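Participant: Sequence unavailable; structure follows:
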């Protein structure tokens with residue numbers, strides 16, 4: 001079986017996506033919707049949210065099974081393009 005490799009990654013592999021934005025009550029759903037455009041399944045047990053100290057911001061992290069570098073690039077491009085996403089890691 002051939003596996004694409006990129007920057008020390010061997011695909012398919014588990015990969016954590018993290019995004020931060022204003023906690024408007026809908027940010028988690030937004031991140032899930034964006035990531036869901038590019039992968040069939042998000043590991044539900046991996047979903048984590050963390051509010052900022054003041055409660056204005058929230059971080060959302062989740063693990064996907066990444067198939068390729070192109071898939072990861074597309075996810076990050078879509079996260080970056082959305083004005084509600086302030087930071088993506």
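Facilitator: Perfect, I can see it now. Just so it is clear, the structure is predicted and the values come from calculations on it, not from any experiment.

Participant: alpha carbons only for contacts and neighbour counts from here, please
Facilitator: Noted.

Participant: Could I get the buried residue list for the longest helix anywhere in the chain?
Facilitator: In the chain, assigned by DSSP state H, the helix with the most residues is helix 69-81. Of all the residues in helix 69-81, those buried under the rule 16 or more other CA atoms under 10 Å are 69, 72, 75-76, 79.

Participant: Quick one: list the elements packing against that helix.
Facilitator: Packing contacts for helix 69-81, counted by 3 or more CA pairs under 8 Å, 6 or more residues apart in numbering; DSSP states H and E, involve helix 27-36, strand 85-88.

Participant: buried ones in the shortest one?
Facilitator: The neighbour-count check on strand 85-88 (16+ other CA under 10 Å) flags 85, 88 as buried.

Participant: what is the mean pLDDT for that strand?
Facilitator: Average pLDDT, strand 85-88: 95.

Participant: so what strands line up beside it?
Facilitator: Its sheet considered, strand 85-88 pairs with strand 13-22 (antiparallel) by DSSP bridges.

Participant: neighbouring contacts of the partner strand?
Facilitator: Outside of strand 13-22, the residues within contact range by CA atoms under 8 Å, 6 or more residues apart in numbering are 27, 31, 56-67, 79, 84-89.

Participant: of those residues, buried ones?
Facilitator: When the contacts of strand 13-22 are checked for burial by 16+ other CA under 10 Å, the buried set is 27, 31, 57-67, 79, 84-85, 88.
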